[in-house]
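1. need a 3D model of the sequence below.
(chains A, B, C and D)
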Number of protein chains: 2
Amino acid sequence: MTKTPEAAPARETIRHPATDTLDLAHVLRTVGDPLRLSMIRVLAAEGELLCGALGERMGLPKSTSSYHTRLLREAGLTRTRQDGTLRYISLRDADLESRFPGLVEVLVSQADDAA
Amino acid sequence: MTKTPEAAPARETIRHPATDTLDLAHVLRTVGDPLRLSMIRVLAAEGELLCGALGERMGLPKSTSSYHTRLLREAGLTRTRQDGTLRYISLRDADLESRFPGLVEVLVSQADDAA
DNA sequence: TCGGAAGTTCCAAATGTTTGGAACTTCTGG
DNA sequence: CCAGAAGTTCCAAACATTTGGAACTTCCGA
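-> Purely as a prediction, here's the structure:
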């Protein structure tokens, strides 16, 4: 376990699935969780947010918030941009619109709660 | 454990959630399963089908098929109509359209598989 | 009245998801 | 160089979903 001897620091890029490989069932399963659906709505309403800000909105501990933002990213719903130690999360709305036209609108438009 | 002494046979109706109480997260979670998403697509393409026919399409044993059709019904995605010992399943497309405009279209239109 | 067909329910095993604390990494400012 | 802030990863416990066989209920036709 010496430090890996790579010359290039290889800036450990954050992985995002390509738009044309996004899987509808995966996307739906991921967003079919009240907490994550709320997150998507907040992002749609407010644009780019810090991971921490998003988590605090929902009253989540850091590790939980990190977990859910990872799921959203891996399903292709959000993009994560790193700036120093900060991570800005945003909705991949154009990508989603191009792959699943109409989906974002469905997710974001509130069905009035008659429950 | 004598037989329940109720005079009325009470025809044990199949329960369906009312359209205006359908919950988006619940609907999405339910349809966010490749198997159930396929079922929805088959129903959209072919209209009303027998529970058994739907299950055979997917190569499922009866109990599994019954389980998934129940989840679809409880989330409000499908309607089940009983006729003797048969149960016909159909998509609640008009109800879904009225509560979540655009959703059915998203579920049913195939994103071409570039994976 | 019997037998079979269609479905459901029951159940336990296997599998997957969610949670949050603690330890860790990385970056920034002083 | 150090402290602190932002996030991630690790981990184990709690919880939920999925699977399919077996037993059961209902209805229909002969």
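
2. so who does A:Glu82 touch?
-> Just to correct that, residue A:82 is Gln rather than Glu. A:Ile14, A:Tyr88 (Cβ atoms under 8 Å, 6 or more residues apart in numbering or on different chains). No exception for glycine: its C-beta is placed from N, CA and C like everyone else's.

3. contact residues of chain A facing DNA strand D?
-> Counting by Cβ under 7 Å from any atom of the strand, chain A comes close to DNA strand D at A:50-53, A:62-63, A:65-67, A:69-70, A:80, A:85-88.

4. tally of neighbours for the closest residue to DNA strand D within chain A?
-> Going by Cβ to the nearest atom of the strand, DNA strand D is nearest to A:Gly52 of chain A, at 2.4 Å. When neighbours are counted by other Cβ atoms under 10 Å in any protein chain shown, A:Gly52 registers 16.

5. so it touches A:Lys62, yeah?
-> Yes: with contact defined as Cβ atoms under 8 Å, A:Gly52 reaches A:Lys62; the gap is 7.2 Å.

6. put the alpha carbons of stretch A:101-111 into PDB.
-> Taking C-alpha atoms only, stretch A:101-111 is exported to PDB below (Å, rounded to 0.1, in the frame of the first residue of the first chain):
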ATOM      1  CA  PRO A 101     -39.900  13.900 -23.400                       C
ATOM      2  CA  GLY A 102     -42.500  15.100 -20.900                       C
ATOM      3  CA  LEU A 103     -41.000  13.400 -17.900                       C
ATOM      4  CA  VAL A 104     -39.600  16.400 -16.100                       C
ATOM      5  CA  GLU A 105     -42.900  18.200 -16.400                       C
ATOM      6  CA  VAL A 106     -44.700  15.300 -14.900                       C
ATOM      7  CA  LEU A 107     -42.300  15.100 -12.000                       C
ATOM      8  CA  VAL A 108     -42.400  18.800 -11.200                       C
ATOM      9  CA  SER A 109     -46.000  19.800 -11.700                       C
ATOM     10  CA  GLN A 110     -47.700  19.300  -8.400                       C
ATOM     11  CA  ALA A 111     -50.800  17.200  -8.500                       C
END
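
7. no further queries at this time; thank you.
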